[in-house]
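here are the coordinates; sequence isn't available:
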């Protein structure tokens, strides 16, 4: 098991490889979390040196970091497409299907990832899994729907735990709550996606099955890139 310092070094190495794809004039989606924070830090000197880009932040934390780095920002609401999105993942399988949402921003992350013509995931080697499901699937909900969504998850064989922070429910940037759901079997994540999306009060979830186009993974022997299989 790698140390925390080594994990951060690997995350930064993956981020450094991914930001090489950022080009002049692009609109770039910036993810949320410790891995995405490296992206902002690595872009800052390039912007200071004259790189002209516009960014779309997926959380207030990322927005504040981007502003501090001198990166120009635009809100996503008026956009119909962006050029590139770079973000971390909590788990990712060989087909580039992922679980995201550890940072609590998966709803806007999914919106920005869907807008992106190219969506890049960055990770250290520990995030690669043969099969999704070791981590919980975060689900962003209307607070009033907590009981309903939890009951529906249980009906499908799962368990749901309200995410807490500072002694109370974790409140997202949009005023929503998060249920962390676990399932005994994630053999068919596409079916689970359809099931979750159909529950009233479910606003978004952390299953990213088709959005990711490429993965940069950093390990002790360097950084590798994997493109989504053509038949996916």
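Nice, I can see it. Every value quoted in this text rests on a predicted model; they were computed, and no experiment measured them. Residues are numbered from 1 along each chain as shown.

for the helix or strand where residue 195 lies, buried residues please.
Using DSSP states H and E, residue 195 sits in helix 189-197. For helix 189-197, a neighbour-count test (16 or more other Cβ atoms under 10 Å) marks 189, 192-193, 195-196 as buried. Backbone N, C-alpha and C define where each C-beta goes, glycine included.

for it, packing partners?
When contacts are defined as 3 or more Cβ pairs under 8 Å, 6 or more residues apart in numbering; DSSP states H and E, helix 189-197 packs onto strand 137-141, strand 202-205, strand 207-208.

CSV please, covering these and showing mean pLDDT.
Formatted as CSV, these follow (pLDDT from 0 to 100):
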stretch, mean pLDDT
strand 137-141, 98
strand 202-205, 96
strand 207-208, 98
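
which stretches of the chain have low pLDDT?
Applying pLDDT under 70 to the chain picks out residues 231-232.

domains of it?
Listed domain ranges for the chain are 4-128+209-220, 137-206 (source: automatic domain parsing).

so what secondary structure elements neighbour the host helix or strand of residue 148?
Using DSSP H and E, residue 148 sits within helix 146-155. If you count contacts as 3+ Cβ pairs under 8 Å, 6+ apart, helix 146-155 packs onto strand 137-141, strand 159-162, strand 177-182.

packed most tightly, which of these would that be?
Mean neighbours per residue, mean count of other Cβ atoms under 10 Å, is largest over these for strand 137-141, with a mean of 27.

run the angle between that one and helix 146-155 for me.
150 degrees (axes from the mean of the first three to the mean of the last three Cα atoms, to 10 degrees).

and the spatially most central residue of the chain, what does it touch?
Relative to the mean C-alpha position of the chain, the nearest C-alpha, by Cα atoms, centre = their mean, is the one of residue 100, at 4.5 Å. Contacts of residue 100 were listed using Cβ atoms under 8 Å, 6 or more residues apart in numbering, and they are 87-90, 106, 109, 138, 206, 208.
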